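Colleague: generate coordinates for the sequence data below:
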Amino acid sequence: MRRLYLRIYFAVLASVIVLALAAGFLWRQLSERGPAGRAFEVASTLAQNALPPPEAPRAEQQAALDRLAANLKADVSLYSADRLPLARVGRPLPPPGPGREAGGWVRDVRGRPAWALRLPDGRWLVARTPRNRPHPALGLFLTLGLLAVAVGVGAYPVVRRLTRRLENLQQGVESLGAGDLGARVRIEGRDEVAQLAASFNKAAARIEELVAAHKSLLANASHELRTPLTRIRMAVELMKDGAPQARREALERDIAELNALIDEILLASRLDAVERLDSVEEVDLLALAAEECARYEEAELDGQPAAVRGDPRLLRRLLRNLLENARRHGAPPTELRVSRSATGAEIRVCDHGTGVPPAARERVFEPFQRVPGATEATGAGLGLALVRAIARRHGGEAHCEERPGGGSCFVVVLADPP
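Modeller: Numbering: from 1, shown residues only. Coordinates of the predicted model:
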């Protein structure tokens, strides 16, 4: 059974059924129609055999009743069929009510219990146990109490197993809150608690992954920023005595590279921090792609108009990063195609380069990951990571495919953001 509420419901239901059946069985055993009632029928027959007939004098019946109740130490009263007193031992007991036809429990004037036996000849024998004896129903209540304790003891392992799993989950949450990002809980069963434990482990793994990625981002950013800064520092030193035009142009490229890297780092951080797009409007991807392709002489555009709702600045950055990646790692011409898809729009940017190895097609979308064999001059490795982040912010996804005939195709499928 996978549903926790069903397990609890059926456990409670089973406990109630067991207790009800046990109570019914005891009641049946102690009722007038059960074994106890049949035992009293036998006792009434034996009492009649020990007593004189109903028409015998009262003195004879009193003497017989004295002999019958000699060792009982109880109050006993004998009544005729029409409920007239014939004899008694001890304190008098009231006869059964006029409408009573069968034996059973009765009460005296003080409300104390007594047992009435109807003899086969119609007479009534009413007896009451001594005061120092327990109440007749005490045994029933004691038995029911023992049954309730037994049911409670039997249900304890089920409840304890549930609470123990919840305690383990609580300890995992506290450990994670205390800074132990590797905290995980054991998944037991297949109910809601197990699903909650699996969700916690998944969330903890995601948090650990994000923190590790953040640390890696900062570490790699420091490394990547150090390289162009070093080159700029050297160029500045050389320019003190007057640098040639080529050196100044190289310095400008290094500064531009540094600015672009800082811009990409800031954009990546902002995409991780925000949950919704800052600006959402209808964007014509084909027109946007035409504007970006105009920046690259080797880019070829094809496709059909495809409008999506999104942030135009982010979508422009997505197209620019795809084209820039194709320019750096591929060979001309770069082919960009925009088309409609079942969920929105599709952007496909293909190059004629050496391609991306199958094992690295997912890794290139991670921050600061480069295609094997690439040099630092090909970029810091944030461009494709931003492409995927922007695509996911628009309800889509980005992946890499092999281009027939050589090269790679980067495909982005976009949908209206939720």
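
Colleague: what average pLDDT does whichever helix in the chain runs longest get?
Modeller: The longest helix of the chain (DSSP state H) is helix 192-239. Mean per-residue pLDDT for helix 192-239: 76.

Colleague: elements contacting that helix?
Modeller: If you count contacts as 3 or more Cβ pairs under 8 Å, 6 or more residues apart in numbering; DSSP states H and E, helix 192-239 packs onto helix 4-30, helix 138-177, helix 245-273. To be clear about C-beta, it is placed using only N, CA and C from the backbone, and glycine gets the same treatment.

Colleague: so what's the residue count around the nearest residue to residue 147 once chain neighbours are set aside?
Modeller: Residue nearest to residue 147 in three dimensions, not counting chain neighbours: residue 22, with 4.7 Å by Cβ to Cβ, 6 or more residues apart in numbering. Look at residue 22: counted by other Cβ atoms under 10 Å, it has 17 neighbours.

Colleague: residue 22 reaches residue 146, doesn't it?
Modeller: No - Residue 22 sits out of contact with residue 146 when judged by Cβ atoms under 8 Å, with a separation of 9.5 Å.

Colleague: ok and the longest helix of the chain relative to helix 138-177, angle-wise?
Modeller: Here helix 192-239 runs at an angle of 10 degrees relative to helix 138-177 (axes from the mean of the first three to the mean of the last three Cα atoms, to 10 degrees).

Colleague: quick one: neighbours of residue 10, just the number.
Modeller: Using other Cβ under 10 Å, residue 10 has 12 other residues around it.

Colleague: let the chain start at 382 from now.
Modeller: Yes, from this point I'll number from 382; that puts the last item at residue 391.

Colleague: distance from the centroid: which residue in this structure tops it?
Modeller: residue 438 (83.0 Å; Cα atoms, centre = their mean).

Colleague: so what pLDDT did it get?
Modeller: 87.

Colleague: give the buried residues for stretch 689-709.
Modeller: Buried residues in stretch 689-709, counted by 16 or more other Cβ atoms under 10 Å: 689-692, 695-709.

Colleague: cool, stretch 443-450 as well?
Modeller: Applying a neighbour-count criterion of 16+ other Cβ under 10 Å, one finds 443, 445, 446, 449, 450 buried in stretch 443-450.

Colleague: could you pull up the mean pLDDT of that stretch?
Modeller: For stretch 443-450, the mean confidence score works out to 82.

Colleague: also stretch 626-634?
Modeller: 72.

Colleague: and it, what's buried?
Modeller: residue 632.

Colleague: related to what we said a few turns ago, tabulate the buried residues of stretch 443-450 (TSV), appending secondary structure and distance to residue 580.
Modeller: Shown next, in TSV, are those (DSSP: H, G, I helix; E, B strand; the rest coil; distance: Cβ to Cβ, whole Å):
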residue	secondary structure	distance to residue 580
443	helix	84
445	helix	82
446	helix	79
449	helix	77
450	coil	75
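
Colleague: so can I have JSON lines of those residues showing distance to residue 670?
Modeller: What follows is the buried residues of stretch 443-450, written out as JSON lines (distance: Cβ to Cβ, whole Å):
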{"residue": "443", "distance to residue 670": "121"}
{"residue": "445", "distance to residue 670": "120"}
{"residue": "446", "distance to residue 670": "116"}
{"residue": "449", "distance to residue 670": "114"}
{"residue": "450", "distance to residue 670": "113"}
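
Colleague: tell me the domain ranges of the chain?
Modeller: Following automatic domain parsing, one finds the domains of the chain at 412-517, 563-654, 660-795.

Colleague: for residue 542, which of those domains is the nearest?
Modeller: Smallest distance to residue 542 across the domains of the chain (Cβ to Cβ): 8.1 Å, for domain 563-654.

Colleague: in helices only, show me the buried residues of stretch 689-709.
Modeller: Per DSSP H, the buried residues of stretch 689-709 map to helices at 695-709.

Colleague: nearest to residue 523, of the residues you listed?
Modeller: Checking those against residue 523 with Cβ to Cβ, the nearest one is residue 695 at 76.7 Å.

Colleague: do you know how far that closest one is from residue 664?
Modeller: When distance is defined by Cβ to Cβ, to the nearest Å, residue 695 is 10 Å away from residue 664.

Colleague: can you check residue 530 too?
Modeller: Taking Cβ to Cβ, one finds residue 530 at 72 Å from residue 664.

Colleague: equivalent analysis for residue 718, please.
Modeller: Using Cβ to Cβ, we find residue 718 at a distance of 17 Å from residue 664.

Colleague: with residue 449 instead?
Modeller: Taking Cβ to Cβ, one finds residue 449 at 108 Å from residue 664.

Colleague: what of residue 713?
Modeller: As judged by Cβ to Cβ, residue 713 and residue 664 stand 27 Å apart.

Colleague: compare the two (neighbour count), which wins?
Modeller: More crowded of residue 713 and residue 664, by other Cβ under 10 Å: residue 664, with 21 against 15.

Colleague: contacting residues around the more buried one?
Modeller: Applying Cβ atoms under 8 Å, 6 or more residues apart in numbering, we find residue 664 in contact with 688, 689, 690, 691, 693, 696.

Colleague: which SS class is it?
Modeller: strand (DSSP: H, G, I helix; E, B strand; the rest coil).

Colleague: dig out what it forms beta bridges with.
Modeller: Beta-bridge partners for residue 664, by DSSP bridges, are residue 689.

Colleague: now do it against residue 770, distance only.
Modeller: Distance from residue 664 to residue 770, by Cβ to Cβ: 17 Å.

Colleague: likewise for residue 723?
Modeller: Counting by Cβ to Cβ - residue 723 and residue 770 are separated by 23 Å.

Colleague: swap in residue 541?
Modeller: Distance check for residue 541 against residue 770: by Cβ to Cβ, it reads 46 Å.

Colleague: more crowded one of the two?
Modeller: Neighbour count, other Cβ under 10 Å: between residue 541 and residue 770, residue 770 has more, with 20 against 11.

Colleague: report pLDDT for the more buried one.
Modeller: 88.

Colleague: surely it touches residue 649?
Modeller: Yes - taking Cβ under 8 Å as the definition, residue 770 is a contact partner of residue 649 at 6.6 Å.

Colleague: give me phi/psi at residue 686?
Modeller: phi -60, psi 140 (degrees, to the nearest 10).
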